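Visitor: sharing a sequence plus its predicted fold:
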Amino acid sequence: MQLVSVRVITNDVARLVEFYEQVTGLDARRPAEQFAELVGPSCTLAIGSAETMALFSAGAAVPESNRTAILEFLVEDVDREHERLTSLAAAPEVVQEPTTMPWGNRSLLFRDPDGNLVNFFTPLTDEARARLAR
């Protein structure tokens with residue numbers, strides 16, 4: 001089994017796609033107005049309109065209500081990313097400034113426009129880097 005994507009459901013696909021294009025540097029593929037994908041080297045971040053939930057089961061996902069999942073992105077330098085993100089015209093709400101965690105990652109936690117938590121992290125220790133090896 002292979003995890004290939006995470007999908008975020010939103011009321012404003014264009015707004016969320018623009019945000020993630022800015023913070024990741026990836027260009028989104030938009031096969032439909034209600035759906036977009038940002039394809040990274042290890043996983044795809046899909047963004048779907050709340051309208052698309054009718055295709056699955058109405059009410060199965062509720063936009064802007066996540067308080068448990070964190071979207072995590074491996075970056076080269078958390079501190080440099082923090083400077084870059086806070087200089088954006090629509091800078092995200094920073095929840096946690098760059099902090100070195102007990103498990104060896106340096107982490108920056110912020111919210112996307114829908115309130116979802118996003119973690120940019122860089123492994124600092126050999127043990128932390130080894131955990132990412134596939």
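Guide: Structure's in. What do you need?

Visitor: domains of this protein?
Guide: Split into domains by automatic domain parsing, the chain comes to 1-55, 69-134.

Visitor: any chance of the ones you listed in TSV, plus mean pLDDT?
Guide: Below are those laid out as TSV (pLDDT from 0 to 100):
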stretch	mean pLDDT
domain 1-55	93
domain 69-134	95
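
Visitor: got CSV for these, with distance to residue 63 and mean neighbour count too?
Guide: Where C-beta positions appear, they are placed from N, C-alpha and C, glycine not excepted. As requested, the domains of the chain are exported to CSV (distance: least, Cβ to Cβ, whole Å; neighbours: other Cβ atoms under 10 Å):
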stretch, distance to residue 63, mean neighbour count
domain 1-55, 5, 16
domain 69-134, 6, 15
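
Visitor: would you list the ones you listed in CSV and tack on distance to residue 61?
Guide: Output for these, formatted as CSV (distance: least, Cβ to Cβ, whole Å):
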stretch, distance to residue 61
domain 1-55, 4
domain 69-134, 11
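
Visitor: can you list contacts of the helix or strand harbouring residue 15?
Guide: According to DSSP states H and E, residue 15 maps onto helix 13-24. Helix 13-24 is contacted from outside by 8, 10, 26-28, 30, 33-36, 38, 40, 45, 47-49, 73, 85, 88, 90, 92, 112-114, 118, using Cβ atoms under 8 Å, 6 or more residues apart in numbering.
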